[in-house]
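Asks: got a predicted model here, sequence first, then my questions.
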Amino acid sequence: MKDLFRVGKYKFKSRLIVGTGKYRNFSETAKAIKASGADMVTVAVRRVNIINNKEPLLMDYINPKKIRYLPNTAGCFNSEDALRVLRLARDSGGWNLVKLEVLGDQETLYPNMEETLKCAKILVKEKFDVMVYCSDDPIACKQLEEIGVVAVMPLGSLIGSGHGIPNKNNIKLIKKRSKVPVIVDAGIGCASDASIAMELGCDGVLVNSAIAKASKPILMAEAMKLAVEAGRLSYLSGIMEKSFLAKNSTTHKRKIK
Amino acid sequence: MHIVLNGKKFPINEKDTIKILLKKIDIKSSKVAIEVNKVVIPKEKYRDFKFKKNDKVEVVTFIGGG
């Protein structure tokens, strides 16, 4: 079954987006990405190490011609910093599809939605295709959609927390009302969390810590791939209605007496 | 004269272009993006762009991130 993942004008085979942070080294990052089957990975923008320019670069391990880089604004706490980062990212390799995240504070890394909305408006005006990390707030997601972003990325729970999706109703509500893809970003802790996101009807899942911080990241990357696929198929197959009481699976007809 | 390169004072000649700077620090232009005084300098200008005293220059690349 052909079930492409469409974000704006872009098409992807995998509905799993993988973050490239927190791995032990770039070789492990590359192997995990391969095992995950992801064809889009998030990357951050940082200063080049001038003193030790022999330090390995991410680009030496993950070929941006084969896997789409999704530059993010990790660590930005205001719209001005986020804009600077994404303008640089676009110039670096022509990456127009970007992930905006403007954080509220260091302890929660919760999005600052006022700054996020402000920055999203400018980026859309500058013809970026913007995917946005946001709170699991249906109103904020609607506001982002109206601004013209190409995807909303509500958090399942706090970044790097591994708490999964405690507020499933909000994610479901956001998906129900959204005309742009909904991607659960942040909080995924294990493979079943990713399946749940997909079963709620989400279009995709973004996972970083759950893979990178597993004892065996490459194995977890494969688990995430299967979980996203299983969750998607489960959603598309039309999940049965829940019942308060038991319903027997075997007929009573011709039972011995 | 000096510029401020990635937050640190860096000696440079008046005639040096971005292209020459990248050669000095031995980094390929395809792997970086450059901002001077908070304005992105497009790659096609690397050959001609010359610095002024105390320019704040950021040379960035991609690293792992979520």
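Replies: Thanks, I have it. Residues are numbered from 1 along each chain as shown, chains lettered A, B, ... in the order given.
Asks: for the chain, what's the longest strand?
Replies: As the question left the chain open, I've gone with chain A. Secondary structure of chain A per DSSP state E: the longest strand is strand A:40-47.
Asks: wrong chain, I was asking about chain B
Replies: If you go by DSSP E, chain B has its longest strand at strand B:56-64.
Asks: direction included, what does that one pair up with?
Replies: Looking at strand B:56-64 with DSSP bridges, its partner strands are strand A:40-47 (antiparallel), strand B:2-5 (parallel), strand B:33-36 (antiparallel).
Asks: list the buried residues for the first one?
Replies: What that stands for is strand A:40-47. Across strand A:40-47, burial judged by 16 or more other CB atoms under 10 Å in any protein chain shown covers A:40-46. (Glycine included, C-beta is placed from N, CA and C.)
Asks: over to the second one?
Replies: Judged by neighbour count using 16+ other CB under 10 Å, the buried positions of strand B:2-5 are B:3, B:5.
Asks: can you give me how far it is from the chain middle?
Replies: Put simply, strand B:2-5 sits 9 Å off its chain's centre (CA atoms, centre = their mean, to the nearest Å).
Asks: so B:Val59 makes contact with A:Arg47?
Replies: Yes. Contact criterion CB atoms under 8 Å: B:Val59 and A:Arg47 qualify, at 6.8 Å.
Asks: overlap in contacts, those two.
Replies: Listed contacts common to B:Val59 and A:Arg47 are B:Asn6; contacts here mean CB atoms under 8 Å, 6 or more residues apart in numbering or on different chains.
Asks: that older thread, what's the next secondary structure element after the longest strand of chain A?
Replies: As assigned by DSSP states H and E, the chain's next helix or strand after strand A:40-47 is helix A:58-61.
Asks: tell me the contacts of the residue of chain B found nearest chain A?
Replies: Residue of chain B nearest chain A, by CB to the nearest CB: B:Gly65 (2.7 Å). Contacts for B:Gly65 (CB under 8 Å, 6+ apart) come out as A:19-21, A:42-44, A:72, A:74.
Asks: show me the strands in the stretch 101-250 of chain A, by range?
Replies: Assigned strands in the stretch 101-250 of chain A, in chain order: A:129-134, A:151-154, A:183-185, A:204-207 (criterion: DSSP state E, counting those that start in this stretch).
Asks: mind putting those strands in CSV, mean pLDDT included?
Replies: Output for the strands of the stretch 101-250 of chain A, formatted as CSV (pLDDT from 0 to 100):
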stretch, mean pLDDT
strand A:129-134, 98
strand A:151-154, 98
strand A:183-185, 97
strand A:204-207, 98
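Asks: which one of those strands lies nearest to A:Ser192?
Replies: When these are compared by CB to CB, strand A:204-207 sits nearest A:Ser192, at 11.8 Å.
Asks: per-residue pLDDT, the residue nearest to B:Gly64 when sequence neighbours are not counted?
Replies: Using CB to CB, 6 or more residues apart in numbering or on different chains and skipping the chain neighbours, the partner closest in space to B:Gly64 is A:Thr20 (3.9 Å). Note on A:Thr20: pLDDT of 94.
Asks: residues near A:Thr20, how many?
Replies: 29 (other CB atoms under 10 Å in any protein chain shown).
Asks: for the residue nearest to the residue of chain B closest to chain A when sequence neighbours are not counted, what are its contacts?
Replies: Excluding the flanking residues, the one nearest B:Gly65 by CB to CB, 6+ apart is A:Ala44, at 2.7 Å. Contact criterion CB under 8 Å, 6+ apart gives A:21, A:71-72, A:74-75, B:62-66 as the residues in contact with A:Ala44.
Asks: got it, and B:Val40?
Replies: B:Val40 makes contact with A:87-88, A:91, B:33-34, according to CB under 8 Å, 6+ apart.
Asks: how about A:Ile211?
Replies: Shown in contact with A:Ile211 (CB under 8 Å, 6+ apart): A:18-19, A:32, A:36, A:217, A:220-221, A:224.
Asks: next, find the distance separating A:Gly93 from A:Leu200.
Replies: The gap separating A:Gly93 from A:Leu200 is 34 Å, by CB to CB, to the nearest Å.
Asks: who has more neighbours out of the two?
Replies: A:Leu200 (22 against 18).
Asks: residue of the stretch 101-250 of chain A closest to chain B, please.
Replies: A:Asn208 (3.4 Å).
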